[in-house]
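> Dropping a prediction and its sequence here:
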Number of protein chains: 2
Amino acid sequence: MARKTGSRAEITGPLIRQAALSLFARHGYGAVSMRRIAAEVGVQAGALYLYTRDKQSLLFELMRVHMEELLAAWAAEPKGETAPARLAAFARFHIRFHLERPEAVFLAYMELRSLAPENFARIEALRQQYEGELAQILAAGQQAGQFRIADLRLTTMSIIAMLTGVNTWYREGGRLSRDEVGEIYADMVARLVAPESGDARVYAGEHIGDHIAEK
Amino acid sequence: MARKTGSRAEITGPLIRQAALSLFARHGYGAVSMRRIAAEVGVQAGALYLYTRDKQSLLFELMRVHMEELLAAWAAEPKGETAPARLAAFARFHIRFHLERPEAVFLAYMELRSLAPENFARIEALRQQYEGELAQILAAGQQAGQFRIADLRLTTMSIIAMLTGVNTWYREGGRLSRDEVGEIYADMVARLVAPESGDARVYAGEHIGDHIAEK
DNA sequence: GCTTGGCATGAACGCCCGTTCAGTTAATCA
DNA sequence: TGATTAACTGAACGGGCGTTCATGCCAAGC
């Protein structure tokens, strides 16, 4: 076989995925043509088919890789011992990870409708796996009496939504750094499940300060 | 002029907007053709141009009407006197209004990128007006010592995001009714800004129970 | 019952679509 | 140096795109 060192394919492949990601996120899957992606890379449309079976696979692979990177990164994240510590770690991690790749996040949330049914099911399964990670933290804290949670699923969805929502308004160079935003959200999430408010004063104990005082 | 009573236009116009709304929401603006909208209505593509200047205006009008209905509905909503009561009213209203028109909500959030710049600016202004309504409630409650808010803007965005997030998972006929979801979220939102948690015990006073006990 | 005009057709405009494939190029190995 | 082959081109396929417009239909008003 010829041409190994400095192979063009090792460059062109990632360039195509990057261009597709950016264009899909900015204009929508249905509004972006293969010719436009190719032009962005500096190549003819036909060349794209050396790297992807078709347009649908290109979209699916972008979303699959994103979700698997998300799960892998969370698995590798230091999480702490107690449920409050793990919840704060989740909030900080989620915001950091998502702010680092806004286009992939936008794509993964907005273009689910553009996936063929079996591809949709696979991405949906990965998303539920990630939500399960948060749900486990909440359930553990609830059982330990460290959290007060009216409804586990609704609380899980609320937290995911408010954390992911950061991507819709955060702008680099704005009033707050990413880490500052992460801290404030870790605090807000803690308050959302804090047991010591209102009539639940009975839960107040030594764990207070684990997740509040860091703000 | 001829043909006034039972005019076809009074039927076809709304049908076109409904078909466009549904198709745009399900497949994306860029992926839906004028011919497909026309087919849904049972008309030829050319007839659409008796009702809209072009495809872009069709999208913009759907989003503009949605946002203006949202603002008008909130303006007409009974809101209560105190900040905690107004916040709970906002949460219940937001969830009810948004669950009643999931396609319009999806469109208004997902297809901002498909708007021409001046149309985008107009929709964005309406959205900020709505966010301002929530921000005012939070600011008033903060000044009155009824809320503890680390960051007004981040709290506003968090609440909007978690409330709107309901649309991504709520399914009719599921475990909870719309009203039950509204109540649980009103409670979660209240806890997010509650002053009496952790080291802020000093704020605890007669207002406790205004917004917690209703759950 | 004839005229009027609101409502719609359907053909046409020039252009872009996703995908395939025979052919060209050029870097590498024998 | 010549053979090999990965990487890419460019044309072609059938079809769909947004929009315009000359034309026609038919219910309402006189």
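It's in.

> ok, longest helix in chain A?
helix A:117-143 (DSSP state H).

> Does residue A:142 touch residue A:150 like I think?
No - judged on Cβ atoms under 8 Å, residue A:142 makes no contact with residue A:150 at a distance of 10.3 Å. Yep, even glycine has a C-beta here, placed from its N, CA and C like the rest.

> Quick check on those two: which one has the bigger neighbour count.
Taking neighbours as other Cβ atoms under 10 Å in any protein chain shown, residue A:142 and residue A:150 compare with residue A:142 leading, 17 against 14.

> out of everything not next to it in sequence, what's closest to the more buried one?
residue A:149 (5.0 Å; Cβ to Cβ, 6 or more residues apart in numbering or on different chains).

> State the three-state secondary structure for the residue of chain A found nearest DNA strand D.
Per Cβ to the nearest atom of the strand, residue A:46 is where chain A lies closest to DNA strand D, at 2.4 Å. What DSSP: H, G, I helix; E, B strand; the rest coil gives for residue A:46 is helix.

> which stretches of chain A aren't confidently modelled?
For chain A, the stretches flagged by pLDDT under 70 are A:1-7, A:197-215.

> Can you give me the domain boundaries for it?
A:1-52, A:54-203 (automatic domain parsing).

> sorry, back to before: can you count the residues close to the residue of chain A closest to DNA strand D?
With other Cβ under 10 Å as criterion, residue A:46 counts 10.

> Please name the nearest non-neighbouring residue to the spatially most central residue of chain A.
In chain A, the residue lying closest to the centroid (Cα atoms, centre = their mean) is residue A:98, at 4.9 Å. In space, and not counting its chain neighbours, residue A:98 is closest to residue A:105: 5.0 Å by Cβ to Cβ, 6+ apart.

> contact partners of the helix or strand where that neighbour lies?
Assigned by DSSP states H and E, residue A:105 belongs to helix A:102-110. For helix A:102-110, contacts defined as Cβ atoms under 8 Å, 6 or more residues apart in numbering or on different chains pick out A:21-22, A:24-26, A:28, A:59, A:62-63, A:66-67, A:98, A:123, A:127, A:164, A:167, B:110.

> Apply 7 Å and report the result again.
A:21, A:22, A:24, A:25, A:62, A:63, A:66, A:67, A:98, A:167, B:110 (Cβ atoms under 7 Å, 6 or more residues apart in numbering or on different chains).

> How about stretch A:36-56?
A:12, A:13, A:15, A:16, A:19, A:20, A:23, A:34, A:35, A:58, A:116.

> Next, the buried residues of that stretch.
The neighbour-count check on stretch A:36-56 (16 or more other Cβ atoms under 10 Å in any protein chain shown) flags A:37, A:38, A:40, A:41, A:43, A:48, A:51, A:52, A:55 as buried.

> between those, which is nearest residue B:190?
For the buried residues of stretch A:36-56, the minimum distance to residue B:190 (Cβ to Cβ) is 46.6 Å, reached by residue A:55.

> Compute the distance between the closest one and DNA strand C, please.
Applying Cβ to the nearest atom of the strand, to the nearest Å, the value for residue A:55 to DNA strand C is 4 Å.

> What's the separation between that residue and residue A:78?
Applying Cβ to Cβ, to the nearest Å, the value for residue A:55 to residue A:78 is 39 Å.

> for residue A:191, same thing?
Relative to residue A:78, and taking Cβ to Cβ, residue A:191 is found at 23 Å.
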